[in-house]
Structures are given as C-alpha cells and as structure tokens.
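>>> Fold the following.
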Amino acid sequence: MAIIVGANLLLATPAAVAGVWPLVLGVIFSTVAVIGLDGLLAFFIRRLPAGWFGRERRIFFVSRRECHVYQVLGVRRWKDKIPELGQFTGFHKNRVYEPQSNTYVARFILECNYGVVIHLVGAFFGFLIIFLYPLAWAPGMGIPVAVVNFVLNLLPTMVLRYNTPKLEALYALNARRIKKNELLMYEKL
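Predicted structure coming up:
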C-alpha cells in the first residue's frame, strides 16, 4: 500500500492531487474492499458441491509442462513463505499429516482444488475494484491494487498446483500398497 501511495505521489496522479490523506484512505479502502471481495467469493465457492472439485476431475490435472514451469519459477524454494489459511476450512495444507491414508490424501487434493478455483476467481474478480473510483483515479488506485491482488492470488495458486501431482503420486502409491496387502491377505487364506 505504501508503494502505491508513493508512486501516486511521485507521478502526481489525479488521486495524489486530491491530497495525501484521501489517497492513503483510498488505497486502504481499496485493499480492504478487495480482501473482502476475495473472502466473499471464497465463501460462495466453498458452498459449491465437493464433486465439482474432486481429484478425478480432468480440469484439475497438472501436466508435466506445467510442473516444469513451476520448477523453473522455483516454487519449491518459496512455497513455504506463502501464508496457509487452512484454519478457515478446518483443514491445514502446510504439510501432509496422514500420508498413509488415501481418504486424507483425497481430501487434501480436494482442498487444493477448491483453493485453486478460489484464488483464480479472486485474482480476476479483484479487477472489479477499479470501478469503485472515478475513471481518473482508477490508474492510480484501482489498477495497482487489482494487480497486487492478482499476483497475491496467483502465488498460492501456483503452490497448490505444484503440490497436486505429488499428492496424486502419493495417492497412487497408497492404492498400490493397499492392493498388495489385500492380495497377501487373500493368499494367506
């Protein structure tokens, strides 16, 4: 917010001409409004049927090319610096707590898929903030806040997409292990 205010003052935008306090309060209001919009969107998306976000849905498949992009961007190095807000859903995604349970891993993937949709929708709908201001003020306040919101929603989306193939591999490994144990039990009979 300080950078947006400073840039407006340096560039003498129409928002800055109105005065420092209207500018500061406008940027604070924009930031609170876009966070509120993100929260409202998340609330409504979480009410959608879980079946729309299941691990079997093809739309959530992460290709090898996409994984490579995340590796080039170094997601592994900075992913732990992104705040994890699992407390809102009662399911923390900062680490895998039950790696042996496919029920747990499937829920983890479901939560990741919900998160991807929530963050992508929030990233794009955040640009609605531009329309809160007169057209002359939009380049100085609305657009920068919307762009920052876009980036701050894109980062967790990349982390969630980066983690999904690893969770899918863990799910497959567990499924093979369970099947092998069932075969061994059947042979003992």
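>>> which secondary element of the protein has the worst mean pLDDT?
Using mean pLDDT, DSSP states H and E, helix 14-17 stands out as the lowest-scoring helix or strand of the chain, at a mean of 80.
>>> What average pLDDT does the next helix or strand after that helix get?
Once helix 14-17 ends, the next helix or strand along the chain (criterion: DSSP states H and E) is helix 20-46. The pLDDT scores in helix 20-46 average 91.
>>> Check which helices and strands helix 20-46 sits against.
Where contact means 3 or more Cβ pairs under 8 Å, 6 or more residues apart in numbering; DSSP states H and E, helix 20-46 is packed against helix 2-11, helix 14-17, helix 102-125, helix 143-188. C-beta coordinates here come from the backbone N, C-alpha and C atoms, glycine included.
>>> Comparing these by mean pLDDT, which bottoms out?
Among the helices and strands packed on helix 20-46, helix 14-17 carries the lowest mean pLDDT, a mean of 80.
>>> Check which helices and strands it sits against.
Secondary-structure packing of helix 14-17 (3+ Cβ pairs under 8 Å, 6+ apart): helix 2-11, helix 20-46.
>>> what does that helix contact?
The contact list for helix 14-17 (Cβ atoms under 8 Å, 6 or more residues apart in numbering) reads 8-9, 22-23, 26, 133, 136-137, 140-141.
>>> Identify the farthest-apart pair in these.
Pairwise distances across these (Cβ to Cβ) peak at 16.8 Å, for the pair Leu9 and Tyr133.
>>> wait, Val24 sits on Val5?
Yes. Applying Cβ atoms under 8 Å, one finds Val24 in contact with Val5, separated by 5.6 Å.
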